[in-house]
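1. predicted model and sequence follow; I will ask about them next.
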Amino acid sequence: MRYIAFWDLDMEDTAKVVEKMRARKKRLKTILPPHGIGGQPKGFTIFETDDEQDLVEYIAHYGPELRIKIFPIWESSKTIAAWEKLNE
C-alpha cells in the first residue's frame, strides 16, 4: 500500500533530522522522496509498504524531532471501480 507522510519540524531540530536521515539503515520503498513546501520547515514524502511495522519504525525513528501524519493513498480509479461495483 502507498502512504503519504506529512511532516514538520522546529528549525532548531534540522541538524538532528539530517543526521537521522543519513544514519537510518532501513529504508521504505520511496515513490517520491522528501520534498519541502515553499521554504518552510515542513514537507511530505510518498512511500510504499505492506508491513505496518515499517510505519511504526519510521515514526519511532523520526518522531522525537518531526511531527508526522501518515495517510494511506490509492489511485482514484480504484475508488471509482469500488463505488461502481457497490452501485450496480
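-> Nice, thanks for sending it over.

2. now the helix or strand containing I46 - C-alpha only, CSV.
-> Secondary-structure assignment from DSSP states H and E places I46 in strand 42-48. Extracted in CSV, the C-alpha atoms of strand 42-48 (Å, rounded to 0.1, in the frame of the first residue of the first chain):
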residue,chain,number,x,y,z
LYS,A,42,7.6,21.2,6.6
GLY,A,43,7.0,18.8,3.7
PHE,A,44,5.9,15.4,2.6
THR,A,45,7.1,12.1,1.2
ILE,A,46,5.3,9.2,-0.5
PHE,A,47,6.4,5.6,0.2
GLU,A,48,5.1,2.1,-0.2
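
3. pull out the buried positions in that strand.
-> Neighbour-count burial for strand 42-48, with 16 or more other C-beta atoms under 10 Å as criterion, is recorded at 43-47. Bear in mind the C-beta positions are built from the backbone N, C-alpha and C, glycine included.

4. how about those residues in a markdown table, adding distance to W7?
-> Formatted as a markdown table, the buried residues of strand 42-48 follow (distance: C-beta to C-beta, whole Å):
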| residue | distance to W7 |
| --- | --- |
| G43 | 6 |
| F44 | 7 |
| T45 | 8 |
| I46 | 12 |
| F47 | 12 |
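
5. if we can go back for a sec, I would like the residues contacting the strand holding I46, please.
-> For strand 42-48, contacts defined as C-beta atoms under 8 Å, 6 or more residues apart in numbering pick out 1-9, 28-37, 73.

6. let's see that with 6 Å instead.
-> Contacts with strand 42-48, where a contact means C-beta atoms under 6 Å, 6 or more residues apart in numbering, come from 2-6, 8, 28-32, 34-37.

7. of the residues you listed - the most surrounded one?
-> The residue in those with the most neighbours, by other C-beta atoms under 10 Å, is A5 (20 neighbours).
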